[in-house]
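Visitor: fold the following.
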Amino acid sequence: MIDGQLYQSEGSSVTPITASIEDNILVICLINEDQCNANNGLGINESNAVVNTDVINGESAEPLRFQQSEVNAKSKLGNLPREITLPNDRLLVCSPSPLLDQWLDGGAGSRISQMETRKPWLIASVLLVPLLLYVIFVQGMPWAAVKFADQIPYSIKTVASQHTLSALDYSMLEPSTLPDLQREQLMMGFNAVVEQVSELGTENDIRVHFRDSELIGPNAFALPDGTIVFTDDLVALVDGDQALLDAILLHEIGHVAQNHSMQMVAESLFATLAISYFFGDLSGAIESFMGIGSSVVQNQYSQKHEWQADNFAISKLKLMHRDTADFADVMRKLSNETDQQGAENSWFQSHPSTKARIENAESAAYHD
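Guide: Residues are numbered from 1 along each chain as shown. Modelled structure (predicted):
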C-alpha cells in the first residue's frame, strides 16, 4: 500500500488515503474504510473500458479507480512525494513508491530517476551543465543574434531610429547651441571621414546630428539606420579638435557597420528567455537580491560590441594613415570627465573599463 493525501478541488479538506496498483489501475481507498473492494465503484462503458463511478459531490466512500490516461503527474524529483492530478482538479500526493513511479513514468522515468541518484551522472552533470550554459550564452546567442539582426530590413531600422530620436528629443535632448560656423566645419571633416570609410569598403549611410543635453553630458551614440548624434558637451570636452572627434565618429560607424543595435535587441531577448527557461524563479530571486540577472549577461554582450567598435575605429585610423593615439587621447579626456578608468564591477558596466580601452589604442599605436 502507498500512503498519501487527497486534496479536493473546492475547499481545504484533506483526506488520508492508501493507494495501490491493481490490474494496471490506480485504486485509492479512504484510509479509515474497513475494506477496499476492487469491484466497488467500477463500471464498464460501451467500449469495455474501465470508468470511474465513485464520487458524487465528494461524499461517496467508494474506492476511486483511475486509468493511467486519466491522471497527470509531475516528473519524479529525487525522493520527494509524487503529485498526481486527478479528474475534477483533485490532487493526490503520495509517498515515494517504485511501483507508483513505474506505473506513472514507465521504463524511461525509472531510468531517469536512476541517473539522478547515481554519483557518476551527478558529477557529469556538474561538469557538463556549466559547459552547456557557456556554449549557449557565449557562443550560441551571439551567433543567433547576428543572424537575426541581418534579417531585419533597413526600412524597419529607419522607422525604429526615427522613433528613438524623436523620443530622445522629447525627453532628454535639446537643439544644439554650437555656432553655425563650427557645426559646418565639423560636418565637413565628418563627411570626409565617411567618404574615406566608404572607399575602404564599408558601405554606410551616415548622418551626423548635434544635440545639447545636460542629462547625458559629453557623449555620442549611433542608431541602427546610421544616424549618429554628438552632444555639444563632447565637442567642448575636446575643444572642437577634429581629429579626436573623427576617432569617436569612426567608433560609432563601427556600431552601425556591425549592426550592433539590432544584435543587442536580439541578445537581450534571447538572454531573458534563456535565463527564465533554465533558472525559472531563480532569476527573479537573483534580480531582487543583487539587482542582477539577465542585465549581467546583456552587459557582457554590450562590452563585446564596444570592443568591436573600438577595434573598427583603430583599424580604420590605420588604413586612413591617421594616428591611432587620437582614439586613446579622446578616451583619456572622457575618463578624466567621468572619473571611471578602472575595471571595478565590470560585470555591472555596459562598457569596458576606460583604462583598458586606452591601453588597447596605445598598443595599436606602438605597433604601427
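
Visitor: the stretch 1-150 of the chain: helices as residue ranges?
Guide: 98-117, 119-134, 141-150 (DSSP state H, counting those that start in this stretch).

Visitor: out of the ones you listed, flag the one nearest Q67.
Guide: Q67 lies closest to helix 98-117 among the helices of the stretch 1-150 of the chain, at 10.4 Å (CB to CB). In short, each C-beta sits where N, CA and C put it, glycine included.

Visitor: the helices in the stretch 201-350 of the chain, which residues?
Guide: Using DSSP H, counting those that start in this stretch, helices in the stretch 201-350 of the chain cover 232-237, 242-257, 260-279, 281-290, 294-319, 325-338.

Visitor: other SSEs contacting the longest one?
Guide: Put plainly, it is helix 294-319. helix 141-150, helix 242-257, helix 260-279, helix 325-338, helix 354-366 (3 or more CB pairs under 8 Å, 6 or more residues apart in numbering; DSSP states H and E).

Visitor: any idea of the angle the third one forms with helix 294-319?
Guide: Angle, helix 260-279 to helix 294-319, by axes from the mean of the first three to the mean of the last three CA atoms, to 10 degrees: 150 degrees.

Visitor: packing partners of helix 260-279?
Guide: Helix 260-279 packs on helix 141-150, helix 281-290, helix 294-319, going by 3+ CB pairs under 8 Å, 6+ apart.

Visitor: mean pLDDT lowest for which of those?
Guide: Comparing mean pLDDT across those, the lowest value falls on helix 281-290: a mean of 49.

Visitor: adding distance to K304 and mean neighbour count, write the helices and strands packed on helix 294-319 out as CSV.
Guide: Converted to CSV, these look like this (distance: least, CB to CB, whole Å; neighbours: other CB atoms under 10 Å):
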stretch, distance to K304, mean neighbour count
helix 141-150, 7, 16
helix 242-257, 12, 23
helix 260-279, 9, 19
helix 325-338, 17, 20
helix 354-366, 13, 17
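
Visitor: in terms of mean pLDDT, which of these ranks lowest?
Guide: Among those, helix 260-279 scores lowest, with a mean of 77.

Visitor: export it as PDB, just CAs?
Guide: C-alpha atoms of helix 260-279 as PDB (Å, rounded to 0.1, in the frame of the first residue of the first chain):
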ATOM      1  CA  HIS A 260      25.200  46.300 -33.000                       C
ATOM      2  CA  SER A 261      21.900  47.900 -32.200                       C
ATOM      3  CA  MET A 262      19.800  45.200 -33.700                       C
ATOM      4  CA  GLN A 263      22.100  42.500 -32.300                       C
ATOM      5  CA  MET A 264      21.600  44.000 -28.900                       C
ATOM      6  CA  VAL A 265      17.900  43.800 -29.200                       C
ATOM      7  CA  ALA A 266      18.100  40.100 -30.100                       C
ATOM      8  CA  GLU A 267      20.700  39.300 -27.500                       C
ATOM      9  CA  SER A 268      18.600  40.900 -24.700                       C
ATOM     10  CA  LEU A 269      15.500  39.000 -25.800                       C
ATOM     11  CA  PHE A 270      17.400  35.700 -26.100                       C
ATOM     12  CA  ALA A 271      19.100  36.100 -22.800                       C
ATOM     13  CA  THR A 272      15.900  37.000 -20.900                       C
ATOM     14  CA  LEU A 273      14.100  33.900 -22.400                       C
ATOM     15  CA  ALA A 274      17.100  31.600 -21.700                       C
ATOM     16  CA  ILE A 275      17.500  32.700 -18.100                       C
ATOM     17  CA  SER A 276      13.800  32.300 -17.500                       C
ATOM     18  CA  TYR A 277      13.800  28.800 -19.100                       C
ATOM     19  CA  PHE A 278      16.900  27.500 -17.400                       C
ATOM     20  CA  PHE A 279      16.600  29.100 -14.000                       C
END
